[in-house]
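> predicted model and sequence below, questions to follow.
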Amino acid sequence: MRDPNNPCLFCNIKESGNIYENDLAYASYDSYPVSENHCLIIPRRHIKDYFDLSNEELVACNDIIKVMKNKILNKDQKVKGFNIGINIGKVSGQSIFHCHIHLIPRRDGDVENPQGGVRSVIPMKQHYKRKI
């Protein structure tokens, strides 16, 4: 099995795939999608994580997130929401150490109870009761 960090998979746009791009970033479909049309927004510059992005790269990535959201909605009217996520560091689940942002389309019924959303990265913290 090939190590996606050596050489960096995301530094090779042809290998990782390119479905949309601008000068500072590009989008690719996730190789192990959580849901159909799950995509990644990847800065062109090889940097470890989100906190290393320049302001210009943040804007470029955000622009692609918005474009991809609209492309996904136009392609699949069953999509009713999105999760946007970034893993930073090995303990958070980052496995390719080149910054990338997950844009995950969500559909009614894709999980039994979506309450908590991204909180489910720690399963015991996903479902909670509001304090009044």
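All right, it came through fine. Residues are numbered from 1 along each chain as shown.
> who's in contact with residue 30?
Contacts for residue 30 (CB atoms under 8 Å, 6 or more residues apart in numbering) come out as 38-40, 102. Where C-beta positions appear, they are placed from N, C-alpha and C, glycine not excepted.
> ok, 6 Å please
38, 40 (CB atoms under 6 Å, 6 or more residues apart in numbering).
> okay, now the unreliable bits of the protein?
Regions of the chain meeting the criterion pLDDT under 70 cover residues 124-130, 132.
> next, name the residue at the spatial heart of it.
For the chain, residue 102 is the residue whose C-alpha lies nearest the centre (CA atoms, centre = their mean; 0.4 Å).
> assign a three-state SS to it, would you?
Following DSSP: H, G, I helix; E, B strand; the rest coil, we place residue 102 in the strand state.
> separation between it and residue 6?
Distance of residue 102 to residue 6, given as CB to CB, to the nearest Å: 22 Å.
> just residue 65 next, same as before
For residue 65, the distance to residue 6 - CB to CB - is 28 Å.
> which of those two has more neighbours?
Between residue 65 and residue 6, residue 65 has the larger neighbour count (other CB atoms under 10 Å), namely 18 against 7.
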